[in-house]
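> Here is a sequence together with a model predicted from it:
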Amino acid sequence: MAGRMLIGASLKMYFSHARTVQWVSEVAGILAEHPARESVTAFVIPQYPSIPAAIEHAGALAVGAQDVATEDAGAFTGEVSAAVLAELGCRFVEVGHAERRRMFGDTDEVVAAKTHAALRNGLTPILCVGETDRRDPDSAAEVCLAQIRSALSDAADAGITGPIVIAYEPLWAIGAPEPAEPEHIRGVCARLRAETGADASVIYGGSAGPGLLTRIADSVDGLFLGRFAHEPAAVRAILDEAASLTA
């Protein structure tokens, strides 16, 4: 694996503001003393109002946002721009999550516009991709590659470039009791890594938690965690796994 491993968690809308700050403080403390801090970039993605406090308490823990507006400024009531997120100190922004697509109507065109907005403001988009139903790894990878091409369409021609994180999250695994099978993850992610640019990292999400990283580490650049990271001890366990891979 080249470069630093990425270990991140989206808190979605599960935590109160107080619990978010507590979680960030505890995980930042774990990271500060953990040997994996030399080889891992860890990040957290809280709700919008908690971002400033998260940044204040994050230490070496990077902070991101769960969504972003397609435009940088203007009369867009309720939206939050990439420019403001960057101004606050965010490093990452999640784009195209299955829940945004399904519940809030984020089409491929909207996902592309949000990806471009993140890149032109110096944020690293975490582009969520994945197939709807179970299928073989090659077929799943084709679905994901089409989503990646769509999100990045015309970006280079417009001079919009930068690092990007591809979060492979098969929809059938989101919220499931277990993640996708390691062989499936490895098959899809190995192909995504092979067929995306040098500026792209590929991480796995979709019910990811402790015990998974060491089984798929040869094919991914990290993990994107959800509810299985709600306890800081679980994050410590995953950092332990990460450290063991570079020992």
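Nice, thanks for sending it over.

> so what pLDDT did the residue of the chain positioned farthest from its centre get?
Centroid-distance maximum for the chain: Ala75 at 28.4 Å, with Cα atoms, centre = their mean. We have a pLDDT of 98 for Ala75.

> Tell me the backbone dihedrals of it, please.
Backbone geometry at Ala75, expressed as degrees, to the nearest 10, gives phi -90, psi 80.

> ditto for Arg191
Residue torsions, per degrees, to the nearest 10, at Arg191 are phi -70, psi -40.

> ok, the residue nearest to it when sequence neighbours are not counted - how many residues close by?
Once flanking residues are discounted, Arg191 sits nearest to Ala141: 4.2 Å by Cβ to Cβ, 6 or more residues apart in numbering. No exception for glycine: its C-beta is placed from N, CA and C like everyone else's. Applying other Cβ atoms under 10 Å, we find 22 residues neighbouring Ala141.

> Over to Val84?
Val84: 18 surrounding residues under other Cβ under 10 Å.

> Give me the pLDDT for it.
For Val84, the predicted pLDDT is 98.

> Show me what counts as buried in the helix or strand that contains it.
Assessed by DSSP states H and E, Val84 sits inside helix 82-88. Applying a neighbour-count criterion of 16 or more other Cβ atoms under 10 Å, one finds 82-86 buried in helix 82-88.

> With distance to Ala53 added, can I get those in CSV?
Putting these into CSV (distance: Cβ to Cβ, whole Å) gives the following:
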residue, distance to Ala53
Ala82, 20
Ala83, 20
Val84, 16
Leu85, 15
Ala86, 18
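
> ok, back up a step: quick check, pLDDT for the residue nearest to Arg191.
98.

> Next up, phi/psi of it, please.
Ala141 adopts backbone torsions of phi -60, psi -40, taken as degrees, to the nearest 10.

> Next, Leu127: phi, psi?
Here is the backbone geometry of Leu127 (degrees, to the nearest 10): phi -90, psi 110.

> show me the contacts for the residue nearest to Arg191.
If you count contacts by Cβ atoms under 8 Å, 6 or more residues apart in numbering, Ala141 has them with 187-188, 191-192, 195.

> rerun at 7 Å
188, 191-192 (Cβ atoms under 7 Å, 6 or more residues apart in numbering).

> Tabulate those residues (CSV), appending pLDDT and neighbour count.
Shown next, in CSV, are those (pLDDT from 0 to 100; neighbours: other Cβ atoms under 10 Å):
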residue, pLDDT, neighbour count
Val188, 98, 31
Arg191, 97, 19
Leu192, 98, 23
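
> what ranges of this structure fall below the confidence cut-off?
1-2 (pLDDT under 70).

> give me that answer again for 80
Along the chain, segments meeting pLDDT under 80 span 1-3, 156-158, 247.

> Tell me where it has strands.
5-10, 40-45, 62-65, 92-95, 124-129, 164-168, 200-204, 222-225 (DSSP state E).

> tally of neighbours for Ala233?
By the criterion of other Cβ under 10 Å, Ala233 has 10 neighbours.

> Could you list the buried residues of the longest helix seen in the chain?
Selection of the longest helix in the chain by residue count, based on DSSP state H, yields helix 17-33. Across helix 17-33, burial judged by 16+ other Cβ under 10 Å covers 20-21, 23-28, 30-31.

> Okay, angle between that helix and strand 5-10 too, please.
170 degrees (axes from the mean of the first three to the mean of the last three Cα atoms, to 10 degrees).

> which strands and helices sit next to helix 17-33?
Identification of packing neighbours for helix 17-33 by 3 or more Cβ pairs under 7 Å, 6 or more residues apart in numbering; DSSP states H and E yields strand 40-45, helix 51-57, helix 232-246.
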